[in-house]
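>>> okay, sequence plus prediction incoming.
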Amino acid sequence: MRFYSTNRQCPDASLEEAVMTGLAPDGGLYMPLHIPEIPRAFFNNIGEMTIANIAYVVANTILGDDIDSAQLNSIVNDTFSFDIPLRKIENNIYALELFHGPTLAFKDVGARFLARIISHYASKITEDVNVLVATSGDSGGAVANGFHNVSGVKVFVLYPENSLTEMQKQQFTSLGGNIYPIAVKGTFDNCQFLVKTAFNDTELRKSMLLTSANSINICRLLPQMFYYFYGFAQLSELNVDLENVVVSVPCGNLGNLTAGLLAKKMGLPVKRFIAANNKNNVFANYLVNGKFVPRRSTRTIAPGMDVGNPSNFSRILDMFDNDYNAISELIKGYSYKDEEIKETLIDTYSINSYLLDPHGATAFRALKDDMKDGEVGIFLETAHPSKMARIMKDATGVEFKTFNNTGTKHSSSIPRISSSYDSLKKILLSTT
């Protein structure tokens, strides 16, 4: 498979080039040159398949020309040491629980898969691979866990110093070893800007091998398709109408939604998608008026969605040839204030005896607001509610035990930088 840049100003790349550089030389995001369709026969017995079985078929369909099938099968099986169950919440509405991995968040899937792909390629070279990741909440822990102690790889986690919960921070600040946390005095958008600036720094890239573990890296994004197929596999066993399935996705950087759209292009029979935003609603607004206006993100009780300039918007535009009508016909957008998200947390726990996290609550509310008669709804429950312990206690009264990490806490030594790129560059060069 060859990969092209969404900016279309540089040569196509191999999978190895796309993965190991993260961002295309022209500043665009990599996309598959061709999106292959999975044969319809695959869906006949999908309900009998495990998540690893399904992931292998999907991965082999799109990456099989680049990685030996036995190696790819090993990568997939090593990625999925956990299940992704579908839970019925109420009539015709189901939660796809993506939080059963080691860091209790959906990003375990993409991060673990990417770590194994990078390790596969890194074993062929002598220099260190330096992985940059900006996190608004769960990416940092998932990436750090996936790459911790991987030989030949260093991971730099940039995070907005005042936006993450203590549990989220501890999952990557307490590991040490090859994991280097960096606190940024700003927002996630500032962190993401610093990462992108580093990739566009020709001088830096001559000095070190640099790649990304955010969803700008195509191999962080592609594995997120796997659980969409697995959700359908579980639905197929429940005697529901698979031709009328609507999927609601909590949206921040739009990686999860982009993966769902790719899955549909590969043959997954999703009827349509719902994009659920919090107050950071630049994408929901775009779906209403066709105007994409990035702005500084606002802090909310759903921090993983606090993104004011989502990177993967360019991939969505590219998939639809910049056709706003086609995009808005397939995707409906909703946005909610903190008070509305909290209200959904309370009501769902009281009425359905189900404890959502704020991100899942946003997607659940959007699904209920948009579902039509005869439709079946899936929403993505992206993080375990314990990761938002203070918010959950305030909203529902449910109290979680304090998170304990067996690593050595070294938060006092974490560098704090402004959104000035020179500060990040000095850290990167001094660590290589």
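Done, it's in.
>>> which parts of the stretch 251-400 of the chain are strands?
Taking DSSP state E, counting those that start in this stretch, the strands of the stretch 251-400 of the chain run over residues 272-277, 331-335, 376-381.
>>> state the mean pLDDT of the last one.
Across strand 376-381, pLDDT averages out at 98.
>>> who are the packing partners of it?
strand 93-97, helix 226-235, strand 245-250, helix 358-370 (3 or more C-beta pairs under 8 Å, 6 or more residues apart in numbering; DSSP states H and E). Backbone N, C-alpha and C define where each C-beta goes, glycine included.
>>> list the pairing partners of the first one within its sheet, with orientation.
Same thing as strand 93-97. Here strand 93-97 has these sheet partners by DSSP bridges: strand 86-90 (antiparallel), strand 376-381 (parallel).
>>> so can I have a markdown table of the ones you listed showing mean neighbour count?
Shown next, in a markdown table, are these (neighbours: other C-beta atoms under 10 Å):
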| stretch | mean neighbour count |
| --- | --- |
| strand 86-90 | 15 |
| strand 376-381 | 26 |
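>>> tell me the pLDDT at the nearest residue to Leu23 once chain neighbours are set aside?
Of all residues not flanking Leu23 in the chain, Phe199 sits nearest, at 4.1 Å (C-beta to C-beta, 6 or more residues apart in numbering). If you check Phe199, the pLDDT there is 89.
>>> separation between Phe199 and Val131?
Noted for Phe199: a distance of 12 Å to Val131, by C-beta to C-beta, to the nearest Å.
>>> same question, Asn244
With C-beta to C-beta as the criterion, Asn244 and Val131 are 41 Å apart.
>>> who's more crowded, the two?
Val131 (30 against 17; other C-beta atoms under 10 Å).
>>> which stretches of the stretch 51-200 of the chain aren't confidently modelled?
The stretch 51-200 of the chain contains no residues with pLDDT under 70.
>>> whoops, I mixed them up, the stretch 301-432 of the chain
Ranges of the stretch 301-432 of the chain meeting pLDDT under 70: 402-412, 432.
>>> quick one: the helices in it?
Taking DSSP state H, counting those that start in this stretch as the test, the helices found in the stretch 301-432 of the chain are 313-319, 324-330, 338-352, 358-370, 389-396, 421-431.
>>> how about the stretch 151-300 of the chain?
Using DSSP H, counting those that start in this stretch, helices in the stretch 151-300 of the chain cover 166-173, 188-199, 202-207, 218-221, 226-235, 255-265, 282-289.
>>> longest strand anywhere in this structure?
Across the chain, the longest stretch assigned as strand under DSSP state E is strand 153-160.
>>> which strands and helices lie in contact with that strand?
Under the contact criterion of 3+ C-beta pairs under 8 Å, 6+ apart, the helices and strands touching strand 153-160 comprise helix 107-122, strand 129-134, helix 139-147, helix 166-173, strand 179-184, helix 188-199, helix 421-431.
>>> isn't Arg112 right up against Asn77?
No: applying C-beta atoms under 8 Å as the test, Arg112 and Asn77 come out as separate, 11.1 Å apart.
>>> okay, these two: which has more neighbours?
Using other C-beta under 10 Å, the more surrounded residue of Arg112 and Asn77 is Arg112, with 26 against 15.
>>> gap between that one and Ser119?
In terms of C-beta to C-beta, Arg112 sits 11 Å off from Ser119.
>>> likewise Phe3?
Where Ser119 is concerned, Phe3 sits at a distance of 20 Å (C-beta to C-beta).
>>> dump the strands of the stretch 251-400 of the chain into TSV; add distance to Leu367 as well.
Shown next, in TSV, are the strands of the stretch 251-400 of the chain (distance: least, C-beta to C-beta, whole Å):
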stretch	distance to Leu367
strand 272-277	6
strand 331-335	9
strand 376-381	5
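>>> Tyr228: which of the ones you listed is closest?
Tyr228 lies closest, by C-beta to C-beta, to one member of the strands of the stretch 251-400 of the chain: strand 376-381, at 8.6 Å.
>>> by how many degrees do the closest one and helix 358-370 diverge?
With axes from the mean of the first three to the mean of the last three C-alpha atoms, to 10 degrees as the basis, strand 376-381 and helix 358-370 are set at 160 degrees to each other.
>>> now do the contacts for the nearest residue to Tyr4 once chain neighbours are set aside.
Excluding the flanking residues, the one nearest Tyr4 by C-beta to C-beta, 6+ apart is Asp12, at 5.0 Å. By C-beta atoms under 8 Å, 6 or more residues apart in numbering, the contact set of Asp12 is Arg2, Phe3, Tyr4, Leu33.
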